[in-house]
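Peer 1: Predicted model and sequence follow; I will ask about them next.
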Amino acid sequence: MTVLDSFPALRTALADLPGSDASAAQAAADRNGQLTKPPGALGRLEELAQWYAGWRGDPRPTISAPQVLVFAGNHGVAAQGVSAFPAEVTVQMVANFRAGGAAINQLSDLAGARMDVHALSLETPTADFTQGPAMSEAEACAAFAAGWDAVDPGADLLVTGEMGIANTTSAAAIAAALLGGTGWAGRGTGIDDAGLARKEAAVAAGLAANPGRTGLEVLAALGGREIAAMAGAIAAARARRIPVILDGFICGAAALVLQAERSDVLDHCVAGHLSAEGAHRRMLDAMGKAPLLDLGLRLGEGSGAALAVQVLRGALVCHSGMATFAEAGVAEG
Ligand SMILES: Cc1cc2ncn([C@H]3O[C@H](COP(=O)(O)O)[C@@H](O)[C@H]3O)c2cc1C
Ligand SMILES: O=C(O)c1cccnc1
């Protein structure tokens, strides 16, 4: 049982995470070189298949048990008028997820994924970070641990998604604190110009009220429970060698927190898509990740990542199912 009750304990857990299986990745690369296609003709699909093979320790893998995790949390900073929607929408959408009515329900079904929804203390929003830390260390650790424990050890692929009105403000503040610069706030649910100005002011106030923090301290100071839980789930997936497809801007903020703690911690993750939230590209650049899809989505919930499961599946059905030149009697170039 991994102990996750303090930041030092979380740091120990992150330091202990395993790496990819180099011999499985090499065997997959060798197989890729023998498949009936011109070298490199499947583009990024080839790289994806080898990456997945390495993490699963299987040179010829398939995806049979994907899991989609949706975490929900409420944010004190919503009181600053930073979302186009009221905070009650968070709990209402949790009911919608449970009834099967949200976009992520449809996309999880399409991906053949198990989908679990975890509502995290919705009746107790985080504190408004423009005034001080959003969460205590204990609260942040509890949410991280909830995310860690939510990962199905039998899953062979993980998508992490979220729901939390005002969480694009929280994600922007995390990015600003960890990466520096300005312009991290975007339109989120579709806020107007006055709202965007309030959002930028809230991010600036959050940084001023929570100075000099790094990694997990930033998560507690400016994050939310669903963001902490996504960070915990992404880390737990690596502990079990389960590859992760990252979703949009908010999921990206959770990933950034982990990266700030350990620079190579996201090696088991790919970026599912480029969100229409303006600063997502900058965030992905900082992670060194190129998105698989670019469809103008700005929903969250794990939606873009769930769609990208199909791309990864495409990579693996080719890699694992194709004939070699020798098997098919096709002449090599
Ligand atoms: C009906 C509805 C469903 C959603 N599903 C995801 N989000 C997305 O919007 C929120 C972030 O945007 P902001 O920071 O502007 O509040 C998050 O809950 C995110 O998951 C939704 C938002 C709404 C309104
Ligand atoms: O990219 C995201 O995750 C996102 C963008 C806008 C609103 N909700 C989520």
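Peer 2: Great, that's in hand. Ligands and ions are numbered 1, 2, ... in the order given.

Peer 1: quick one: residue 109 and residue 168, what's the gap?
Peer 2: Here the distance between residue 109 and residue 168 works out to 26 Å (CB to CB, to the nearest Å). Where C-beta positions appear, they are placed from N, C-alpha and C, glycine not excepted.

Peer 1: Comparing the two, which residue is more hemmed in?
Peer 2: residue 168 (29 against 13; other CB atoms under 10 Å).

Peer 1: residues in contact with that one?
Peer 2: Shown in contact with residue 168 (CB atoms under 8 Å, 6 or more residues apart in numbering): 83, 185, 186, 188, 189, 199, 249, 250, 277.

Peer 1: which of these come close to ligand 2?
Peer 2: With CB under 6 Å from any ligand atom as the criterion, the contacts of residue 168 include 188, 189, 249, 250, 277 near ligand 2.

Peer 1: and residue 123, how far is that from ligand 1?
Peer 2: Here the distance between residue 123 and ligand 1 works out to 17 Å (CB to the nearest ligand atom, to the nearest Å).

Peer 1: from here on, count from 35
Peer 2: Renumbered: residue one is now 35, and that last one reads residue 157.

Peer 1: Neighbours of that residue, how many?
Peer 2: The local packing count at residue 157 equals 7, with neighbours defined by other CB under 10 Å.

Peer 1: In a helix, it, correct?
Peer 2: No. Residue 157 sits outside any helix when classified using DSSP: H, G, I helix; E, B strand; the rest coil, being coil.

Peer 1: Which of the ones next to ligand 2 among the contacts of residue 202 ranks first by neighbour count?
Peer 2: Among the ones next to ligand 2 among the contacts of residue 202, residue 284 has the most neighbours (other CB under 10 Å), with 30 neighbours.

Peer 1: which non-adjacent residue is nearest that residue?
Peer 2: The shortest distance from residue 284 to any residue that is not its chain neighbour, by CB to CB, 6 or more residues apart in numbering, is 4.5 Å, and that residue is residue 205.

Peer 1: so what's the backbone phi/psi at the closest residue to ligand 1 within the stretch 135-284 of the chain?
Peer 2: Using CB to the nearest ligand atom, the point where the stretch 135-284 of the chain gets nearest to ligand 1 is residue 222, with a distance of 2.4 Å. Listed backbone geometry of residue 222 is phi 50, psi -120, with angles given as degrees, to the nearest 10.

Peer 1: was I right about it contacting residue 117?
Peer 2: Yes. Using CB atoms under 8 Å as the test, residue 222 is close enough to residue 117 to be in contact (6.0 Å).

Peer 1: Please name the residues that touch the residue in the stretch 85-234 of the chain that ligand 2 sits nearest to.
Peer 2: The shortest separation between the stretch 85-234 of the chain and ligand 2 is 4.8 Å, found at residue 222 (distances taken as CB to the nearest ligand atom). Residue 222 makes contact with 116, 117, 118, 200, 202, 203, 233, 311, 332, according to CB under 8 Å, 6+ apart.

Peer 1: Kindly reformat these as a markdown table containing secondary structure and pLDDT.
Peer 2: Shown next, in a markdown table, are the contacts of residue 222 (DSSP: H, G, I helix; E, B strand; the rest coil; pLDDT from 0 to 100):
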| residue | secondary structure | pLDDT |
| --- | --- | --- |
| 116 | coil | 98 |
| 117 | coil | 98 |
| 118 | coil | 98 |
| 200 | coil | 99 |
| 202 | helix | 98 |
| 203 | helix | 99 |
| 233 | helix | 98 |
| 311 | coil | 98 |
| 332 | coil | 98 |
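
Peer 1: which parts of the chain sit against ligand 2?
Peer 2: Taking CB under 6 Å from any ligand atom as the criterion, the chain approaches ligand 2 at residues 202, 222-223, 281-284, 309, 311, 314, 332-334.
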